[in-house]
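A.B. asks: coords below, sequence missing:
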């Protein structure tokens, strides 16, 4: 989610939600989601997140921005 800080438009919002899973959500005012090209040296964060998370996605927010989110299972109590 570091590209959100680097390429974001307007204020950036980070939310961590702990319920049955841990959800990390990053929102900004830009409607565009950047995709890394094969020769780019950065921009691979969402690919890594997709491999490590149970679910992930992107949705539009009110005001024309977007939220990128990922869910990760929480360890079970022993």
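C.D. replies: Thanks, I have it. All figures in this text were calculated on a predicted structure; none of them were measured in a lab.
A.B. asks: Let me know the helix or strand that the most centrally placed residue in the chain is in.
C.D. replies: What sits nearest the mean C-alpha location of the chain, by CA atoms, centre = their mean, is residue 68, with 3.5 Å. Using DSSP states H and E, residue 68 maps to strand 66-73.
A.B. asks: Now do the buried residues in that strand.
C.D. replies: The neighbour-count check on strand 66-73 (16 or more other CB atoms under 10 Å) flags 66-71 as buried. Yep, even glycine has a C-beta here, placed from its N, CA and C like the rest.
A.B. asks: Bridge partners for residue 21, pull those for me.
C.D. replies: With DSSP bridges as the criterion, residue 21 is bridged to residue 73.
A.B. asks: Make residue 1 into 59 and carry on from there
C.D. replies: OK, 59 is where the count begins now, so the last one is residue 79.
A.B. asks: now it: how far from residue 128?
C.D. replies: Relative to residue 128, residue 79 is positioned 10 Å away (CB to CB, to the nearest Å).
A.B. asks: Tell me how many other residues surround residue 67.
C.D. replies: 13 (other CB atoms under 10 Å).
A.B. asks: Would you check how far apart it and residue 87 are?
C.D. replies: Separation of residue 67 from residue 87 (CB to CB) stands at 5 Å.
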